[in-house]
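Peer 1: My questions are about this predicted structure, shown below with the sequence.
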Amino acid sequence: MKTMLLSSVALCAALAAPFAAADEAGMAAAGLQLFKHHCTACHSLDTSENAFGPSLVGVVGRPAASVPRFAYSQAMQASGLTWNEDNLRKWITDNEALVPGTRMRHVAITDKAEQDYLISFLRTLK
Ligand code: HEC
């Protein structure tokens, strides 16, 4: 009983600090599963290859529509966005609201924890 109590205390501490460095790997692993489910149909995980969508290697912090040899929509080219965390969150919540006229099919990942996991995972793509 005492052990159970202790481990649930530890679990609460882990949940209360989702951005602690120790949790980053776990979040990225959860993000990989979400990415496989929602994104790999169009975005290759294979190095820097473009697929139906542009490569997302190095996407965190880069300007939108900046991958060479990928045919972006006019809307994306004119967006003037940088893929910081805030914009990535808006993009996966409702990409068509952020960039009306984008060629990417609509995605709507509205769960805050799922968004955190996905963004953690995207950070690992270097
Ligand atoms: C049906 C195919 C498809 C799916 C599924 C898809 N994407 Fe995309 N994605 C695209 C296309 C096509 C573009 C280019 C859009 C444009 O030019 O308007 C794009 C663009 C992007 C960009 C901008 C990249 C840049 O270089 O500016 C990001 C970030 C992105 N997608 C993330 C994701 C994430 C994360 C998921 C999963 C939640 C996802 N996409 C699911 C097709 C897809």
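Peer 2: Happy to help now that I have it.
Peer 1: How many neighbouring residues does E49 have?
Peer 2: Neighbour count for E49, taken as other C-beta atoms under 10 Å: 11. For every residue, glycine as well, the C-beta is placed using N, CA and C.
Peer 1: wait, isn't it in contact with V67?
Peer 2: No - between E49 and V67 there is no contact, the gap being 10.3 Å when judged by C-beta atoms under 8 Å.
Peer 1: which neighbours do the two share?
Peer 2: S55 (C-beta atoms under 8 Å, 6 or more residues apart in numbering).
Peer 1: need the helix or strand of the protein with the lowest average pLDDT.
Peer 2: helix 2-16 (a mean of 50; mean pLDDT, DSSP states H and E).
Peer 1: Following element in sequence after that helix, please.
Peer 2: The first helix or strand that comes after helix 2-16 along the chain, using DSSP states H and E, is helix 21-38.
Peer 1: What is that following helix packed up against?
Peer 2: Packing partners of helix 21-38 (3 or more C-beta pairs under 8 Å, 6 or more residues apart in numbering; DSSP states H and E): helix 112-123.
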